[in-house]
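**Student:** 3D, please:
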Amino acid sequence: MGKNSWLAYLEHSKAAHVVSSNGLRLLDSCRKFRTLEDHLLDLNDKFGLGQLQLPAIKKALSEFAEKGMFVSYDTVISGLSQVSPQPEEDGRVTSLGIITRNRISRLETALRSYIENCKGYDRDNTYLIFDDSPDFKVRDQCRSMLRSLKRRYQVNLRYGGLEEKVKFARALSGDYDFPQDIVEFATLDPEGVGLSIGANRNAMLLDAVGELLFSADDDTVCRIAPHPEAKDTLTFFSEAIPADLWNFPDRESALKFAGPVEEDFLAPHEKTLGKSLESLALAAEGRGELKIHNYLCDHLLSSLLSGQGKIITTFNGVLGDSGMRSSLQYLIWGEGPNLSRLVQSESYYHTVKSSREVLRVAPCMSIVHGKECMAGFIGLDNRMVLPPFLPVCRGEDSVFGVLLNKCYDNCYSCYLPRALLHAPTERRPIQDFLTSVNRIFASNIFAWLILSFPLTVGRYSPQDNLRRLGAYLIELGALPLAEFEEFLRLLAWQAAGQMISVLESRLNTYKNAPRFWGRDLEKYIDAIKNRAPDEDYIVPSDLAERGGPFGARLLSQRLVFKFGRLLTLWPDFVEAAKRLRDQGRRLSEEI
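**Tutor:** The predicted structure is shown next:
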């Protein structure tokens, strides 16, 4: 608003005031729930205020409070108590789905572990197996193994392989006149990419429509490891990653550190999945177990005050293989105690940086508004229309998380203080963080494009948002290739710049961290600067491995176009799947 003036607007109170640049700095620094006296102490620590400045700052804070420019913790809680409670559906997880491909032995180990846990707690849920093994013999062997398990455990088992998916795709396209190529794109791999994890997950969503669902990968085991200092609190983490991280040189060390416990692994999911934020917050506040970490982002604050927030995904932590492609994630996630553990010595740092073995788990029930999604262990409220997964390529779950964040207002995730075991039998290498600079993945492209979608004014349902986003991707996918890549290149550079800003901020925050850690961050920043201007920076390496650089460029745009079409039709696919299920017709078939 001119020289040294800013207009500060507080959405929660509708208060707007012109403040000085220094006043804005003060407001922006007061993002945690504190008394005014504690805010003053925090500001003094942050800015090194002199004794002569303190009275003026205290007066400014008091004036901000009088003008409605702060929201108090009591206001949030009292607002919750005034919200008319909405009736909540039964929170029983009725199906457990496992995604598999060409790993019958691992699938059997995983499935047995989950069945035995559920039977130990008198659960009678259905087990759903979705198999994208391309070889008929493998699928036939899988069905045989499942029949054996069914006889042994006397459980309800259902299976969806290629034959079942093709049959269901024909039902959707035939009965409801949906375009066959998009139905097949959703649940199969008509492009021949060779990696259709997301299509397998989409088959699960369509099959288990109307249920609370837990899903796990086929190389996992129901071995429960609690956070070493798990707390009974319910915490709102806004956009922070609510997990503590321990790195290990090998699996044996990880298992020794995180001893197993015997308990009903689905019970924590059922405490939160599908529940409203206000009911969870009020219950925790009544027990004295509610905590707000750092600050409430605009989304969480608005949802709490309006009483419209809901938990639609829940996540276990991971013990064992982290699933991470690159050691860069260790450098990014290292904060406070996490960073101290990572850099306890230079030899330890270099050892664990080359290992994928971790314990990563939240310290308590942690409600988050964020983009992260790792679907190795995930609870899904599939009673609503969830978005589809990117059908092909790795990182399909990260794209799912970005879709939820972009299109689903008032929808949140809950991270649980319990980890499950990710135990692939083969040792999977982890890329050096510098090598990862040279590798852009198709999932990165989709995340950038989705986040670039310009939201417009007005209240839209998640289904409408999916359709609007789909139309946007269709438009981008129909551009001449040169124009599409020009747009994509600008997004890639913005993402690179944001990454550099994050890393530089970390270097500034942890100035006293060991130099070997700081040097790695500086090396990565320099590597991004050197790599970003290259013409092939935006060529997805996972597609280039199959079709070469030019083929990857064409395929990536074609996938954007087809995924856009899928988003516009997905809500109708889900409704059609509901109607077919009401008629007794499902994608999976009973074993």
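**Student:** helix, strand or coil for the closest residue to Gly210 other than its chain neighbours?
**Tutor:** Nearest residue to Gly210, sequence neighbours excluded (CB to CB, 6 or more residues apart in numbering): Arg383, at 5.6 Å. The C-beta positions use only the backbone N, C-alpha and C, and glycine is treated the same way. Of the three states, Arg383 takes coil under DSSP: H, G, I helix; E, B strand; the rest coil.
**Student:** State the number of residues packed around Arg383.
**Tutor:** 15 (other CB atoms under 10 Å).
**Student:** go on, the one 5 residues further on?
**Tutor:** One way to gauge burial is a neighbour count; for Pro388, by other CB under 10 Å, it gives 28.
**Student:** who's in contact with Asp572?
**Tutor:** For Asp572, the contacting residues are Tyr176, Phe178, by CB atoms under 8 Å, 6 or more residues apart in numbering.
**Student:** which SSE is the residue nearest the centre of the chain in?
**Tutor:** With distances taken as CA atoms, centre = their mean, Cys373 lies nearest the centre of the chain, 1.8 Å away. Per DSSP states H and E: Cys373 is located in neither a helix nor a strand.
**Student:** Is the spatially closest residue to it that is not a sequence neighbour within a helix or a strand, and which one?
**Tutor:** Counting by CB to CB, 6+ apart, Cys373 lies nearest to Gly401, which is 2.8 Å off, once chain neighbours are set aside. In the assignment (DSSP H and E), Gly401 maps to helix 396-407.
**Student:** Output the below-cut-off pLDDT ranges for the stretch 51-200 of the chain.
**Tutor:** Across the stretch 51-200 of the chain, the ranges flagged by pLDDT under 70 are 83-87, 89.
**Student:** how about the strands in the stretch 451-591 of the chain?
**Tutor:** 589-590 (DSSP state E, counting those that start in this stretch).
**Student:** re earlier: isn't the residue nearest to Gly210 right next to Leu212, touching?
**Tutor:** Yes: with contact defined as CB atoms under 8 Å, Arg383 reaches Leu212; the gap is 6.9 Å.
**Student:** re the thing from before, how close does the residue nearest to Cys373 get to Ile450?
**Tutor:** From Gly401 across to Ile450, the span is 10 Å (CB to CB, to the nearest Å).
**Student:** again, but for Leu146
**Tutor:** Counting by CB to CB, the gap from Leu146 to Ile450 is 36 Å.
**Student:** what bits of the stretch 251-400 of the chain have low per-residue confidence?
**Tutor:** Along the stretch 251-400 of the chain, the parts satisfying pLDDT under 70 run over 294, 334.
**Student:** Could I get the full set of strands for it?
**Tutor:** 290-292, 310-321, 357-361, 365-368, 377-381.
**Student:** What is the first one packed up against?
**Tutor:** Yep, that's strand 290-292 we're talking about. strand 234-238 (3 or more CB pairs under 8 Å, 6 or more residues apart in numbering; DSSP states H and E).
**Student:** In its sheet, which strands sit next to the strand it packs on, and in what direction?
**Tutor:** Strand 234-238 has its sheet partners listed here by DSSP bridges as strand 290-292 (parallel), strand 365-368 (parallel).
**Student:** Next, the nearest residue to Val392 once chain neighbours are set aside: secondary structure please.
**Tutor:** By the measure of CB to CB, 6+ apart, the closest residue to Val392 outside its immediate chain neighbours is Val193, 4.0 Å from it. Secondary structure state of Val193, per three-state DSSP, is coil.
**Student:** Tell me which residues touch Val193, please.
**Tutor:** Counted by CB under 8 Å, 6+ apart, Val193 has contacts Val392, Cys393, Leu543, Arg546, Leu555.
**Student:** out of the strands of the stretch 251-400 of the chain, nearest to Gly551?
**Tutor:** Closest approach to Gly551 among the strands of the stretch 251-400 of the chain is made by strand 310-321 (30.9 Å; CB to CB).
**Student:** Domains in this structure, by residue range?
**Tutor:** 5-71, 93-463, 464-581 (automatic domain parsing).
**Student:** OK, contacts around Leu205?
**Tutor:** Leu380, Asn382, Leu386, Pro388, Phe389, Val574 are the contacts of Leu205 under CB under 8 Å, 6+ apart.
**Student:** run the last query once more with 7 Å
**Tutor:** Leu205 makes contacts with Asn382, Leu386, as judged by CB atoms under 7 Å, 6 or more residues apart in numbering.
**Student:** In which helix or strand does it reside?
**Tutor:** helix 197-207.
**Student:** and that helix, how far from the chain's centre?
**Tutor:** Distance of helix 197-207 from the chain centroid (CA atoms, centre = their mean, to the nearest Å) equals 17 Å.
**Student:** CA atoms of it as PDB?
**Tutor:** Provided in PDB are the C-alpha atoms of helix 197-207 (Å, rounded to 0.1, in the frame of the first residue of the first chain):
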ATOM      1  CA  ILE A 197       0.700 -49.700  -9.900                       C
ATOM      2  CA  GLY A 198      -1.800 -46.800 -10.000                       C
ATOM      3  CA  ALA A 199      -4.100 -48.700 -12.300                       C
ATOM      4  CA  ASN A 200      -4.100 -51.600  -9.800                       C
ATOM      5  CA  ARG A 201      -5.000 -49.100  -7.000                       C
ATOM      6  CA  ASN A 202      -7.800 -47.700  -9.100                       C
ATOM      7  CA  ALA A 203      -9.200 -51.200  -9.600                       C
ATOM      8  CA  MET A 204      -9.200 -51.500  -5.800                       C
ATOM      9  CA  LEU A 205     -11.000 -48.100  -5.300                       C
ATOM     10  CA  LEU A 206     -13.700 -49.100  -7.800                       C
ATOM     11  CA  ASP A 207     -14.100 -52.500  -6.300                       C
END
